[in-house]
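Participant: Sequence isn't available, so here's the structure alone:
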């Protein structure tokens, strides 16, 4: 069988995948939230990653691509960061409302802009700093204590930590995507994610496999949306700067937040709306700025 060679993704396919990515990620977030009614964090984590772990090697072999890739240590670090970000976000879903967790998680465009010069070698424009500060002002507004605001807890910390790790993940994908195909990037995420979830799951008293039909549907939805989300965003990051990709992904915020409000009955306050607009608006503004440090 003639082996296919890896070709650099075209910008057009990157743009298409960039539009698909927030839809897949939104479906994955909603599925993970609903799965929390039936499954533990570790079960959801294993369910998300094991499908990719089983399927990607076969696909890579069929395409004649490299599975293990270049710069394997960085690939492993990227996988650990991505897996930890997902597990922390699932933990946040179980502790605070879905809409609030997603808003806090979408601080990652600001963290991406902050870390981009050091991780991906892509400078951040000086004009971006007011919007970066505005994003962090949004989280202060949301978490500022009053009678109507939720009590600050581990869920807020988990969502914010997931944002930091997501930023690192995106920047590493941008850097590693210059020398590795998108399937290798996804394989390392699935490998580290499966190990991270399987270890605690085996040590606990929980069943490894879901026990109810609804649980099976939920974990399968998480897995399928995950595959679509990871492959589409990796393809986008291979041809589009990470700072731009991360901000365009803010489209997931209103999609998931609306689901939480309309279907899960989550509360909406003026404080939450104002803080969300700060984070969302500053993120969109970052996307419109030039990438040059003096721009």
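Facilitator: It's in. From a predicted model like this one, the values you see are computed outputs, not experimental measurements.
Participant: show me the contacts for residue 152.
Facilitator: By CB atoms under 8 Å, 6 or more residues apart in numbering, the contact list for residue 152 reads 143, 145. (Glycine included, C-beta is placed from N, CA and C.)
Participant: Under the pLDDT cut-off, which ranges of the protein? List them.
Facilitator: Applying pLDDT under 70 to the chain flags residues 1-12, 146-151, 242-243, 246-247, 287-295.
Participant: if we go to 50?
Facilitator: 1-8, 292-295 (pLDDT under 50).
Participant: and the helix or strand containing residue 52, how far from the chain's centre?
Facilitator: Using DSSP states H and E, residue 52 falls within helix 41-63. The chain centre lies 17 Å from the centre of helix 41-63; the measure is CA atoms, centre = their mean, to the nearest Å.
Participant: Check stretch 280-287 too.
Facilitator: With CA atoms, centre = their mean, you get 17 Å for stretch 280-287.
Participant: sorry, back to before: list the buried residues in the helix holding residue 52.
Facilitator: 41-53, 55-56, 60 (16 or more other CB atoms under 10 Å).
Participant: Next, give me the two most distant ones among these.
Facilitator: 41 and 60 (28.7 Å; CB to CB).
Participant: ok, which stretches of the chain are helices?
Facilitator: Secondary structure of the chain (DSSP state H): helices at 11-35, 41-63, 72-95, 98-105, 108-119, 129-143, 154-176, 182-203, 213-237, 242-248, 252-263, 270-288.
Participant: Which of those helices has the highest mean neighbour count?
Facilitator: Neighbour counts (mean count of other CB atoms under 10 Å) averaged over each of the helices of the chain peak at helix 98-105, with a mean of 26.
Participant: what separates that helix from the chain centre, distance-wise?
Facilitator: The answer for helix 98-105 is 12 Å, by CA atoms, centre = their mean.
Participant: try stretch 209-225
Facilitator: 20 Å.
Participant: which outside residues touch that stretch?
Facilitator: 24-25, 27-28, 31-32, 34-35, 37-39, 43-44, 47-52.
Participant: Over to stretch 186-202?
Facilitator: 40-46, 48-53, 56-57, 60, 67, 69, 75-76, 78-80, 82-84, 86-87, 208, 227, 230-231, 234.
Participant: returning to what we had before: between the helix holding residue 52 and helix 72-95, how big is the angle?
Facilitator: 140 degrees (axes from the mean of the first three to the mean of the last three CA atoms, to 10 degrees).
Participant: Give me the helices and strands touching helix 41-63, please.
Facilitator: helix 11-35, helix 72-95, helix 182-203, helix 213-237 (3 or more CB pairs under 8 Å, 6 or more residues apart in numbering; DSSP states H and E).
Participant: so can I have TSV of the ones you listed showing distance to residue 252?
Facilitator: Formatted as TSV, the helices and strands packed on helix 41-63 follow (distance: least, CB to CB, whole Å):
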stretch	distance to residue 252
helix 11-35	4
helix 72-95	12
helix 182-203	18
helix 213-237	10
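Participant: right, and those helices - which one's nearest residue 114?
Facilitator: helix 72-95 (15.3 Å).
Participant: other SSEs contacting that closest one?
Facilitator: helix 11-35, helix 41-63, helix 98-105, helix 154-176, helix 182-203.
Participant: my guess is residue 235 contacts residue 20, does it?
Facilitator: No. Contact between residue 235 and residue 20 fails when scored by CB atoms under 8 Å: they sit 9.1 Å apart.
Participant: how close does the nearest residue to residue 219 once chain neighbours are set aside get to residue 55?
Facilitator: Once flanking residues are discounted, residue 219 sits nearest to residue 47: 3.5 Å by CB to CB, 6 or more residues apart in numbering. In this view, residue 47 and residue 55 are 14 Å apart by CB to CB, to the nearest Å.
Participant: same check, this time on residue 15
Facilitator: Residue 15 sits at a distance of 26 Å from residue 55 (criterion: CB to CB).
Participant: likewise residue 128?
Facilitator: With CB to CB as the criterion, residue 128 and residue 55 are 38 Å apart.
Participant: for residue 190, same thing?
Facilitator: Using CB to CB, residue 190 is found at 9 Å from residue 55.
Participant: ok, the residue nearest the centre of the chain - contacts?
Facilitator: Geometric centre of the chain, nearest residue: residue 166, 5.6 Å, by CA atoms, centre = their mean. Shown in contact with residue 166 (CB under 8 Å, 6+ apart): 81, 82, 85, 105, 108, 111, 246.
Participant: Verify the stated contact: the third one with residue 169.
Facilitator: Which is residue 85. Yes. Residue 85 lies in contact with residue 169 (CB under 8 Å); the separation is 6.0 Å.
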